[in-house]
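Please find the sequence and the predicted model below.
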Amino acid sequence: MSLFPPAACSRLIVKIGSALLVDPDGAVRRDWLAGIAADIAARARDGQQVAVVSSGAIALGARRLGLAKGGRASLEDAQAAAATGQIALSQVWAEVLGAEGLTAAQMLVTLDDLEHRRRYLNASATLDRLLNLGVVPIINENDSVATEEIRFGDNDRLAARVAQAAGAGGVILLSDIDGLYDRNPAQAGAVHIARIDRIDAAIEAMADTGSASGMGSGGMVSKIAAARIANAAGAHLAIASGRIDRPLSTEARHTLFAAERGASARKAWLAGGLTAKGRLAIDAGAVKALHGGASLLAAGVTAASGAFARGDILDIAGPDGRVIARGLSEYPAADAAAILGLGRDAQEAALGYAPRTAMVHRDHMVLL
């Protein structure tokens, strides 16, 4: 097996894009999907637990409802297409996996399900139980209720977030491209990048936001964002082409984003979050302190924005505006604003009560 064999990866998340599941006319590519099911069954026999993040509901529903632009002409069309297509998508998965002796389960999640800690833990427990029962969870964003403001928007980042929740060691993003190139692969001289050990500004600059098929919602930018999320949890992530038969068992070119040792479960959840309720700007001294393992003190905070409460997730940005950390606020927004730049003694006078040890404690913060 070319990517993440069972001996090295006990749990695997496979994301399949819309253009691989559904042809341009809106019909399911059943023969190709049967090959994926056969690959999953082979991995299961070798002891690997596999969950699938499956796109395709909107594309399938749009065909059945006769909607323009693949069901993406409006939010209402997308929601209607998703509601119609999801039932067809889950049926196809149940059939192809059933033919291999496997049981499929459907999980539909929203952004809030994985951004709120308690709901995230509930989803994690469900995934864990299903996988331990030998079931193949088929996961998708619940597009029938998601809005533009509160949604993942692409299944690449959803797959990485699911990998965190499932404690998976690997993520495979099957797509219409075989990995990352140093420029748009349509350009002459584009060079394929086989392995990436650190995602930096140079790697991000290589990304192209387009979706080659016009059917999906993610491009290379979303895939690099997914790699960041997965790597933060200690999971390796590969971008590979699904434009071949049996892509989970065929040796083929791909890009691997290699993970270092993962953060704690709580810090990985923080790092992988897509929404923050507020933002703290900090000075150079505070940046240095955070990199040295210290908590964020009010004295090093230069500005605060957002309507956040105590316990909400905050982005923490350095003097250049780049977000360098994320953590849980120890104060509501009004109190945080009152003690910006103040030492401990002055904080008590400003607040009228004894201040907490930090604006964001190091135990509830992760560097990005």
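Sure, I can see it. Residues are numbered from 1 along each chain as shown.

For the chain, which segments count as helices?
Under the criterion DSSP state H, the chain contains helices at 18-21, 30-45, 57-65, 75-98, 111-115, 117-132, 155-166, 201-205, 220-232, 265-272, 284-291, 333-338, 344-351.

Between those, which one is closest to Ala325.
helix 284-291 (5.8 Å; C-beta to C-beta). The C-beta positions use only the backbone N, C-alpha and C, and glycine is treated the same way.

chain center to that closest one, what's the gap?
28 Å (C-alpha atoms, centre = their mean, to the nearest Å).

same question, stretch 186-198
22 Å.

do stretch 35-45 as well
Centroid separation for stretch 35-45 versus its chain: 24 Å, with C-alpha atoms, centre = their mean.

coming back round to it: for the helices of the chain, give me JSON lines that also has mean neighbour count.
Listed next are the helices of the chain as JSON lines, based on neighbours: other C-beta atoms under 10 Å:
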{"stretch": "helix 18-21", "mean neighbour count": "24"}
{"stretch": "helix 30-45", "mean neighbour count": "18"}
{"stretch": "helix 57-65", "mean neighbour count": "24"}
{"stretch": "helix 75-98", "mean neighbour count": "19"}
{"stretch": "helix 111-115", "mean neighbour count": "19"}
{"stretch": "helix 117-132", "mean neighbour count": "16"}
{"stretch": "helix 155-166", "mean neighbour count": "28"}
{"stretch": "helix 201-205", "mean neighbour count": "11"}
{"stretch": "helix 220-232", "mean neighbour count": "24"}
{"stretch": "helix 265-272", "mean neighbour count": "21"}
{"stretch": "helix 284-291", "mean neighbour count": "16"}
{"stretch": "helix 333-338", "mean neighbour count": "17"}
{"stretch": "helix 344-351", "mean neighbour count": "14"}
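
Include mean pLDDT and distance to Val145 when you put the ones you listed into CSV, please.
Formatted as CSV, the helices of the chain follow (pLDDT from 0 to 100; distance: least, C-beta to C-beta, whole Å):
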stretch, mean pLDDT, distance to Val145
helix 18-21, 91, 19
helix 30-45, 97, 26
helix 57-65, 90, 13
helix 75-98, 93, 7
helix 111-115, 84, 10
helix 117-132, 90, 14
helix 155-166, 92, 15
helix 201-205, 85, 31
helix 220-232, 90, 21
helix 265-272, 69, 22
helix 284-291, 94, 38
helix 333-338, 94, 29
helix 344-351, 90, 40
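
can I get the ones you listed in JSON lines with distance to Tyr181?
Formatted as JSON lines, the helices of the chain follow (distance: least, C-beta to C-beta, whole Å):
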{"stretch": "helix 18-21", "distance to Tyr181": "18"}
{"stretch": "helix 30-45", "distance to Tyr181": "24"}
{"stretch": "helix 57-65", "distance to Tyr181": "26"}
{"stretch": "helix 75-98", "distance to Tyr181": "30"}
{"stretch": "helix 111-115", "distance to Tyr181": "30"}
{"stretch": "helix 117-132", "distance to Tyr181": "33"}
{"stretch": "helix 155-166", "distance to Tyr181": "17"}
{"stretch": "helix 201-205", "distance to Tyr181": "11"}
{"stretch": "helix 220-232", "distance to Tyr181": "9"}
{"stretch": "helix 265-272", "distance to Tyr181": "25"}
{"stretch": "helix 284-291", "distance to Tyr181": "32"}
{"stretch": "helix 333-338", "distance to Tyr181": "43"}
{"stretch": "helix 344-351", "distance to Tyr181": "51"}
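
Out of these, which gets nearest to Leu174?
When those are compared by C-beta to C-beta, helix 18-21 sits nearest Leu174, at 6.0 Å.

hey, C-alpha coordinates of the closest one in CSV?
Output of helix 18-21 as CSV, limited to C-alpha atoms (Å, rounded to 0.1, in the frame of the first residue of the first chain):
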residue,chain,number,x,y,z
SER,A,18,-16.7,15.9,-5.3
ALA,A,19,-15.1,15.6,-8.8
LEU,A,20,-13.9,12.1,-8.0
LEU,A,21,-17.3,10.8,-6.7
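
Could you list every helix and strand in contact with it?
Judged by 3 or more C-beta pairs under 8 Å, 6 or more residues apart in numbering; DSSP states H and E, helix 18-21 is in contact with helix 57-65.
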